[in-house]
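Visitor: Next come a sequence and a model predicted from it.
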Amino acid sequence: MAPKTGKKSAVGTKKKAATQPAEVSKAAKKGKTAAPPEVEEEEEEQVQTMEALHLDIASVLLSDHRHTVALLHHFQQAMGDTDTDDVLIETLVDAICLDIRLHSQAELDVLYPYFENMLGKKGKEIAQNAREAHVEIENNLVQALEMRKEGKKSEELEELISTVMQEFEAHLQQEEEQYMPLLLEKASEEDLVELVEAFFQSKMNAPLMPPAEQGTEE
Ligand SMILES: [Fe+2]
Ligand SMILES: [Fe+2]
């Protein structure tokens with residue numbers, strides 16, 4: 001997805017800390033200790049590459065969603081195949097859980113706080129709905145991880161992953177059809193790129209296991 005035209009382009013320029021929106025900077029630094037100069041230099045180069053490639057947060061979110069949907073389809077196919085061995089089922093459950101875990105943490109750390117900051121009451125509503133959807137999905141994934149420890153295909157596991165797929169698809173549809181257009185409308189071109197850096201940084205620092213069963217109350 002190309003950045004909006006007619007707005008300031010940061011391509012090929014050094015990022016200035018002062019121009020970073022507070023919410024992006026804060027999220028990017030979450031869980032991050034002071035990095036040595038060579039690491040900071042490497043990160044700066046990565047940002048410039050993202051800028052040069054016009055890699056914005058909406059493209060990254062879409063790509064993440066499609067990747068997860070592909071894994072969920074592989075799981076359903078594997079479950080339907082009588083030759084599938086238990087190791088493949090276990091591998092796919094682990095891959096799906098990790099994929100959603102990192103994406104989820106990055107959205108919770110970076111995307112939803114950004115909505116709250118940018119869109120006031122509407123942003124808070126979006127963030128709350130989205131957080132609740134993530135809790136539902138991750139609670140089911142915690143159970144799926146428990147089930148797959150039994151190391152066999154089971155109807156229960158299949159049903160649970162089907163539920164995750166339905167919940168995930170409903171949530172991503174909302175994100176792609178409602179939240180992303182708002183993001184593209186309201187965020188500056190610079191923010192759209194800087195959110196990518198913060199998003200990847202959050203993925204790198206994300207706990208690999210979903211939190212234990214969570215409530216959906218705020
Ligand atoms: Fe989400
Ligand atoms: Fe998402």
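Guide: Sure, I can see it. Just so you know, these numbers come straight off a predicted model, no measurement behind them. Numbers count the residues shown, from 1 in each chain. Ligands and ions are numbered 1, 2, ... in the order given.
Visitor: most residues in a single helix of the protein, which one?
Guide: Identified as the longest helix of the chain according to DSSP state H is helix 112-148.
Visitor: by contact count, what packs against it?
Guide: In terms of contacts (3 or more CB pairs under 8 Å, 6 or more residues apart in numbering; DSSP states H and E), helix 112-148 is packed against helix 22-29, helix 86-106, helix 155-174, helix 180-186. Backbone N, C-alpha and C define where each C-beta goes, glycine included.
Visitor: buried ones in that helix?
Guide: For helix 112-148, the neighbour count (16 or more other CB atoms under 10 Å) marks 112-119, 123, 126-127, 130-145, 147-148 as buried.
Visitor: mind checking the SS state of residue 208?
Guide: Here residue 208 is recorded as coil under DSSP: H, G, I helix; E, B strand; the rest coil.
Visitor: picking that back up, I'd like the helices and strands packed on helix 112-148 laid out as JSON lines, including mean pLDDT.
Guide: JSON lines is the format used below for the helices and strands packed on helix 112-148 (pLDDT from 0 to 100):
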{"stretch": "helix 22-29", "mean pLDDT": "46"}
{"stretch": "helix 86-106", "mean pLDDT": "93"}
{"stretch": "helix 155-174", "mean pLDDT": "92"}
{"stretch": "helix 180-186", "mean pLDDT": "93"}
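Visitor: So which residue is smack in the middle of the protein?
Guide: The chain has residue 103 as the residue nearest its centroid, 2.4 Å off, counting by CA atoms, centre = their mean.
Visitor: before we move on, what SS does the closest residue to it other than its chain neighbours have?
Guide: Residue nearest to residue 103 in three dimensions, not counting chain neighbours: residue 64, with 4.8 Å by CB to CB, 6 or more residues apart in numbering. Using three-state DSSP, the structure places residue 64 in helix.
Visitor: Return the distance of residue 64 relative to residue 149.
Guide: 26 Å (CB to CB, to the nearest Å).
Visitor: Those two: which has the busier surroundings?
Guide: Neighbour totals were compared for residue 64 and residue 149, and residue 64 leads with 20 against 9 (other CB atoms under 10 Å).
Visitor: Look up how far residue 77 lies from that one.
Guide: According to CB to CB, residue 64 and residue 77 sit 21 Å apart.
Visitor: And for residue 43?
Guide: Residue 43 sits 38 Å away from residue 77, going by CB to CB.
Visitor: neighbour count winner among the two?
Guide: Taking other CB under 10 Å, residue 43 and residue 77 do not tie; residue 43 has more neighbours (17 against 11).
Visitor: Look up how far residue 175 lies from the more buried one.
Guide: With CB to CB as the criterion, residue 43 and residue 175 are 27 Å apart.
Visitor: And residue 187, by the same measure?
Guide: Counting by CB to CB - residue 187 and residue 175 are separated by 14 Å.
Visitor: Quick check on these two: which one has the bigger neighbour count.
Guide: It is residue 187, of residue 187 and residue 175, that has more neighbours when counted by other CB under 10 Å, with 24 against 20.
Visitor: Alright, I will stop here.
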